[in-house]
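[1] quick one, structure for this:
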Amino acid sequence: MKRLLILGATGSLGRHVLQQAVAAGHQVSVLVRNPAKLPTELRSRITVHQMDLGTVAIGALADIIRGHEALINCAGLVTEGRVFVQLVDRIVSSVESLAPAERPTCWFLGGAAVLDIGPTGRRGVELPKVRDTYWPHLKNFERLSA
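    Sure thing, here's the model as predicted:
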């Protein structure tokens, strides 16, 4: 059993990740804006932290992250553009503020646009019509890669 923290557990992807994590027997904490959106049958089986990732202080978020073995980020919408990029930066900065031994394994779930296109050396987000909408995924990928 692992101690997991799921960010964005009330969204369409986050809900599936939450259900799978609980079903696998992990000790799950979630960070959500609105706990009422959590599946009723899971609320008593998880630890809930209520806050807005877009405004929480980096130190406060780091305090919640500390003690978890893994962080799974499902929060944010690519259509929010710069707000999405800032949200991912806030999460990464919070993890980076922890001592290396305190940092959990982090999974940032993103769109297929950042995947390589075969052996071409290009990513989906570099395609003109894809780039216009999915550029935040590339910015977030670059931040994570740094």
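
[2] state the distance from T55 to L4.
    23 Å (CB to CB, to the nearest Å). The way it works is simple: take the backbone N, C-alpha and C, and place the C-beta from them, glycine included.

[3] and if you look at W107?
    9 Å.

[4] D132 too?
    Taking CB to CB, one finds D132 at 34 Å from L4.

[5] quick one, which of those two is more surrounded?
    Between D132 and L4, counted using other CB atoms under 10 Å, L4 has the larger neighbour count: 24 against 9.

[6] lowest-pLDDT helix or strand in the chain?
    Sorted by mean pLDDT, DSSP states H and E, the helices and strands of the chain end with helix 128-145, the least confident at a mean of 90.

[7] so which elements touch that one?
    Under the contact definition 3 or more CB pairs under 8 Å, 6 or more residues apart in numbering; DSSP states H and E, helix 128-145 sits against helix 82-96.

[8] can you list the buried residues in the helix it packs on?
    For helix 82-96, a neighbour-count test (16 or more other CB atoms under 10 Å) marks F84, V85, Q86, L87, V88, R90, I91, V92, S94, V95 as buried.
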